[in-house]
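# Need a 3D model of the following:
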Amino acid sequence: MRTGRPLLAAAVLAVVTTTAAYAFGPDAELSPAASQKKTTTSTPYPACKADARYPKRELRGVWIATTQNIDWPSRAGLRPERQRAEYVKILDSAAKRNLNAVFVQVRPASDALYKSSLEPWSQYLTGTEGKDPGWDPLPFLISEAHKRGMEFHAWFNPYRASYKDSVSKLPRNHPARRHPDWAVEYGGRLYYNPGLPAVREHVVKVINDVVSRYDIDGVHFDDYFYPYPVAGATFDDRAAFRKYGEGKKLAQWRRDNVDTLVAEVDRTVHRAKPHVRFGISPFGIWRNKSNDPTGSATSGMSAYDSIYADARAWVKDGTVDYLLPQLYWPRGHRQADYNTLVRWWSDEVKGSDVQLYIGQALYRVGTRDDRAWTRPGELAAQVGVNRASKQVDGEVFFSAKQLLTNPLRAMDRVATSYYSRPALPPPAPDAGGQAPAAPQGARAQGTALSWTPAQGARAYAVYRLPKSGRDCHTADARDLVAVVGAPSYTAKAPGTYLITSIDRASRESDAVRVKTG
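Residues are numbered from 1 along each chain as shown. Got it, this is the predicted structure:
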């Protein structure tokens, strides 16, 4: 669990490691032995200055939505082999553009796209909620991402119980049918009541089950906490408020309920597997200045007031590893300007150890929601805004369907302008510990490189040095040609290559050198 605020010791450490990074590159502090070696070995080249065009560390992700078959599977009832082929197609499209993370929705509405004893099989696999699809998709989904050197983040919707409006319509083993007092009907759907301790206990149990049994890299919540407002509808949690409200105002009690769940999930995830990241993608506006002078200069819906999500509190309490606000407006938008919101969120995480990524509205490109979305370069320009902010460590695109259709060729523009080289996902600021062992036994047979798997490695980075032989691999990604999950790589051209190990915390080892014929 993170503190959310750096201590004095951390500040001193930052000075030391920043100095090391300036001299030797951003990963020097992860390998003390490597740092010592570099200080005692002469080199004919001066230290490499990082090239901002090729960041070494940057999250580049895509959301893969399963609810209502938005992205995957394309429709319910497909044969498993067709489901697998569709997923591989998505990953190959992501890999082609040098993306390095997928956020796959494994629990859309108190259901499971994996084998679970706690919740029924998702209807989006077979067309019938609770029906066994004949295979467990999750190991395959994870392994295919890892094969491509990508992180796999399991995406959960914490409180949506069902798209149906009555517990009587649910499978017999559905938690809301077994515990009808947990559910609130609102706007024609069922939601779990966040004010009930039993609901929080169940959600935490579901997440712990997945973290414990599957090789995921992250646990991810979307922006659905208390439901979005529905005109003329009331979320009836009066009984729970009377029982558990403890004299608080209703709005503050609801925010406290969400904060309590977030803190419990944070503890559970890191207790089970410390390397697994936990993050949330909140609605893009925390509060407007009209609500709070410290809010953003915007005039849209306030997540704090409307769905009781207080992202500022999660940063302050250190109960998330990252925030991924959904900034689904273009630059210059009258009510919610993209640039304004990037600056606001950047200021919020500054001085904390909570990382910031930005949620990008790929799904709006080419639509007439706003004239700006008809411009092919709007999305790429937004990524440029992110790059210009020291606090932003990457972005995630919604969603995979548009990654495949590539409206206005906008993703090609992003890839050409900003993702021309692969990048490693950022490590957690408090990852600590030692980098993994370097690969051993590196050899080349023609253009085929191979090496012995390194203990603790989840992936391997492959660099091709320029003809000059200058080694800048610790400074940036100018020479990074691939991140692979297996201990092999087929080079596209002869030359001198460096290979490093990447562990589950995204720490990087020393490099080994191998030359192709």
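# any chance you could map the helices in the stretch 151-300 of the chain?
In the stretch 151-300 of the chain, the helices defined using DSSP state H, counting those that start in this stretch lie at 175-178, 197-213, 238-244, 250-272.
# So for Arg334, which of the ones you listed sits nearest?
Smallest distance to Arg334 across the helices of the stretch 151-300 of the chain (Cβ to Cβ): 27.4 Å, for helix 250-272. Backbone N, C-alpha and C define where each C-beta goes, glycine included.
# which helices and strands sit right next to the one helix or strand Ser93 maps to?
Element membership for Ser93, per DSSP states H and E: helix 80-96. When contacts are defined as 3 or more Cβ pairs under 8 Å, 6 or more residues apart in numbering; DSSP states H and E, helix 80-96 sits against strand 59-64, strand 101-107, helix 137-147, helix 400-405.
# Please point out which parts of it sit buried.
83-84, 86-87, 90-91, 93-95 (16 or more other Cβ atoms under 10 Å).
# repeat for stretch 302-316
302-315.
# Same check on stretch 345-363?
Using 16+ other Cβ under 10 Å as the test for burial, stretch 345-363 gives 345-346, 348-349, 352-363.
# what's in contact with the helix holding Ser93?
Applying Cβ atoms under 8 Å, 6 or more residues apart in numbering, the contact partners of helix 80-96 are 62, 64, 71-74, 78, 102, 125, 133-135, 137, 140-141, 144-145, 148, 150, 400, 403-404, 415.
# just stretch 388-397 next, same as before
Against stretch 388-397 from outside (Cβ under 8 Å, 6+ apart): 57-63, 101, 103, 281, 322, 324, 342-343, 345-347, 349-350, 355-360, 362, 383, 386, 403, 411, 423, 425-426.
# Then stretch 376-387?
Here stretch 376-387 has contacts from 52, 55, 327, 330-331, 338-339, 342, 358, 360-362, 365, 372, 392, 394-395, 408-411, 413-414, 417-418, using Cβ under 8 Å, 6+ apart.
# Report the buried members of these.
With neighbours counted using 16+ other Cβ under 10 Å, the contacts of stretch 376-387 contain these buried positions: 55, 327, 330, 338-339, 342, 358, 360-362, 365, 372, 392, 394-395, 408, 410-411, 413-414, 418.
# Report the rounded mean pLDDT for stretch 274-294.
When pLDDT is averaged along stretch 274-294, the result is 97.
# mind checking the end-to-end distance for it?
This stretch, stretch 274-294, spans 34 Å end to end (Cα to Cα, to the nearest Å).
# same thing with stretch 318-333?
Start and end residues of stretch 318-333 are separated by 31 Å (Cα to Cα).
# If you count neighbours, what's buried in that stretch?
Neighbour counts over stretch 318-333 (16+ other Cβ under 10 Å) mark 318-330, 333 as buried.
# again with stretch 424-443
Residues of stretch 424-443 classed as buried: 424-429, 431, 435-439, 442 (neighbour count, 16+ other Cβ under 10 Å).
# same question, stretch 443-450
Of the residues in stretch 443-450, 444, 449-450 count as buried by neighbour count, 16+ other Cβ under 10 Å.
# Okay, and which of these map to helices?
The members of the buried residues of stretch 443-450 all map outside helices under DSSP state H.
# Packing partners of the helix or strand Val414 falls within?
Per DSSP H and E: Val414 is located in helix 410-418. Packing partners of helix 410-418 (3+ Cβ pairs under 8 Å, 6+ apart): helix 378-388.
# tilt between the helix or strand just after the helix it packs on and strand 101-107?
Per DSSP H and E, the first helix or strand lying C-terminal to helix 378-388 is strand 392-397. Taking axes from the mean of the first three to the mean of the last three Cα atoms, to 10 degrees, one finds that strand 392-397 is oriented at 50 degrees with respect to strand 101-107.
# quick check, distance from strand 392-397 to the centre of its chain.
What separates the centre of strand 392-397 from the centre of its chain is 8 Å, taken as Cα atoms, centre = their mean, to the nearest Å.
# Can you list the strands that that strand pairs with?
strand 59-64 (parallel), strand 355-360 (parallel) (DSSP bridges).
# now the angle between helix 378-388 and the last one, please.
Put plainly, it is strand 355-360. Angle of strand 355-360 versus helix 378-388, following the same axes, to 10 degrees, is 170 degrees.
# From the rest of the structure, what touches strand 355-360?
Here strand 355-360 makes contact (Cβ under 8 Å, 6+ apart) with 59, 61, 279, 281, 284, 321-328, 342, 345-346, 348-349, 379, 382-383, 386, 391-398, 426, 428-429.
# how distant is that strand from the center of its chain?
Distance, stretch centre to chain centre, for strand 355-360: 8 Å (Cα atoms, centre = their mean).
# May I have it exported as CSV, CA atoms only?
In CSV, the C-alpha atoms belonging to strand 355-360 read as follows (Å, rounded to 0.1, in the frame of the first residue of the first chain):
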residue,chain,number,x,y,z
GLN,A,355,0.8,7.6,-11.6
LEU,A,356,-1.4,9.4,-14.2
TYR,A,357,-2.5,8.0,-17.5
ILE,A,358,-5.1,9.5,-19.7
GLY,A,359,-8.2,7.8,-21.2
GLN,A,360,-8.6,8.7,-24.9
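# for the record, mean pLDDT for that strand?
98.
# shouldn't Tyr224 be in contact with Asn157?
Yes: here Tyr224 reaches Asn157: they are 5.4 Å apart, a contact under Cβ atoms under 8 Å.
# Compare the two (neighbour count), which wins?
Asn157 (20 against 16; other Cβ atoms under 10 Å).
# Do I have it right that the more buried one meets Asp111?
No: Asn157 is beyond contact range of Asp111, at 9.6 Å (criterion: Cβ under 8 Å).
# got the contact list for stretch 133-145?
Residues from elsewhere that reach stretch 133-145, judged by Cβ under 8 Å, 6+ apart: 80, 83-84, 87-88, 91, 102, 104, 106, 113-115, 121, 125-126, 151-152, 154, 210, 214-216.
# Of these, grab the buried ones for ChimeraX.
Selection command for ChimeraX covering only the buried members of the contacts of stretch 133-145, criterion 16+ other Cβ under 10 Å:
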select :83,84,87,91,102,104,106,113,114,121,125,126,151,152,154,210,214,216
